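[1] Below are the sequence and a predicted model; questions follow.
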Amino acid sequence: MKCLILAAGYATRLYPLTENFPKPLLEIKGKTILDWLVDDIDTLGVVDEYVVISNHKYAEHFRTWAEKKAQRVTVLDDGTDSNENRLGAVRDVQFAIDKLEVSDDVLVIAGDNVLDFSLTSFVKYAMAKNASCIMRYHEPNRARLSKSGVVVFGDDDRVLLMQEKPAEPKSEWCAPPFYYYTAEDAALVREAIADGCGIDAPGSYISWLCSRSPVYAMQMPGSRYDIGTVESYEKVKEIYKGIGQG
């Protein structure tokens, strides 16, 4: 299995902290955000390569970080250098699949998320389903729903509909940016883009895929901490206790 880490954003709301430094490498409790994610996933022993997809501006920072990791880490530079010419998350996934000729199952994660639960539970869930999967969490706030991926699912957790940043949310369930694609479904990303799938938000691919292939939504077993501003970053540094300590 390959783990594709989306890290090509510019985190402009966190300037000046991220003006010349990538958000996933900010430290919390002595570890970078990316270290928390990779070290946790690696405990399951099913990922044979971690692929960090960076923009050109931050690629060297990630290469320096990767050199210190015990895991096999590949850093890809998508060649973009500003928020205006970024490829978008879905095209970054396709870029990595093409560049490395990926034919395995794929775990796709946003590299700037802080979690108090282990992502290994999600990987186990997806492997048991033998299908592409996402996570979901309840969000009653309509303003937050309209800025998120919103999922509608059936009694068996199967995703019936996925909306990205909807003006009229059809449920109160959000999908965080963590995705498991079977090898067969990962091979369809190029077709989805050609078919007009949204390219900016990573959940756009699920919106396209769920009407063509089984996709399941596991309830998120903990909390995800938002770091959108310098103030929120300082707050998370104060309250975060680590994975499994929520």
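    Sure, I can see it. Numbering: from 1, shown residues only.
[2] Arg144 and Glu172 touch, don't they?
    No. At 9.9 Å, Arg144 does not count as touching Glu172 under the criterion of C-beta atoms under 8 Å. C-betas here are computed from N, CA, C, even on glycine.
[3] Please identify every residue contacting each of these two.
    Common neighbours of Arg144 and Glu172, counting by C-beta atoms under 8 Å, 6 or more residues apart in numbering, are absent.
[4] For Glu186, what are phi and psi?
    Small correction: residue 186 is Ala, not Glu. phi -60, psi -30 (degrees, to the nearest 10).
[5] which residues does the nearest residue to it once chain neighbours are set aside contact?
    Among residues not flanking Ala186 along the chain, Val106 sits closest, at 4.6 Å (C-beta to C-beta, 6 or more residues apart in numbering). Residues in contact with Val106 (C-beta under 8 Å, 6+ apart) are 1-4, 93, 97, 180-181, 183, 186.
[6] and if we set it to 10 Å?
    1-4, 47, 51, 93, 96-97, 132, 179-183, 185-187, 189 (C-beta atoms under 10 Å, 6 or more residues apart in numbering).
[7] out of those residues, which are buried?
    Among these, the ones that count as buried by 16 or more other C-beta atoms under 10 Å are 1-4, 47, 51, 93, 96-97, 132, 179-182, 185-186, 189.
[8] Return the subset of the residues you listed lying in helices.
    Among those, DSSP state H puts 93, 96-97, 185-186, 189 in helices.
[9] Now flag whichever of these is closest to Val215.
    Top of the list for closeness to Val215, among these and by C-beta to C-beta, is Asp185 at 8.1 Å.
[10] While we're on the closest residue to that closest one other than its chain neighbours, how confident is the model there?
    Computed as C-beta to C-beta, 6+ apart, the closest residue to Asp185 that is not its neighbour in sequence is Ser132, at 4.6 Å. In this prediction, Ser132 carries a pLDDT score of 98.
[11] pull the helix or strand with minimum mean pLDDT from the chain.
    helix 142-145 (a mean of 89; mean pLDDT, DSSP states H and E).
[12] same for that one, what does it pack against?
    Helix 142-145 sits against strand 173-174, with contacts defined as 3 or more C-beta pairs under 10 Å, 6 or more residues apart in numbering; DSSP states H and E.
[13] okay, now Ala70: neighbour count?
    Using other C-beta atoms under 10 Å, Ala70 has 8 other residues around it.
[14] Thr32 versus that one, what's the distance?
    14 Å (C-beta to C-beta, to the nearest Å).
[15] do the same with Met162
    Taking C-beta to C-beta as the criterion, Met162 is separated from Thr32 by 30 Å.
[16] which one of those two has more residues nearby?
    For Met162 against Thr32, the residue with the higher neighbour count under other C-beta under 10 Å is Met162, and the figures read 25 against 18.
[17] Hmm, the more buried one is touching Val152, no?
    Yes. Between Met162 and Val152 there is a contact under C-beta atoms under 10 Å: 7.7 Å.
[18] give me the element the residue lying farthest from the centre of the chain is part of.
    Here the centre of the chain is the reference, and by C-alpha atoms, centre = their mean the most remote residue is Asp155, at 25.1 Å. Taking DSSP states H and E as the definition, one finds Asp155 inside no helix or strand.
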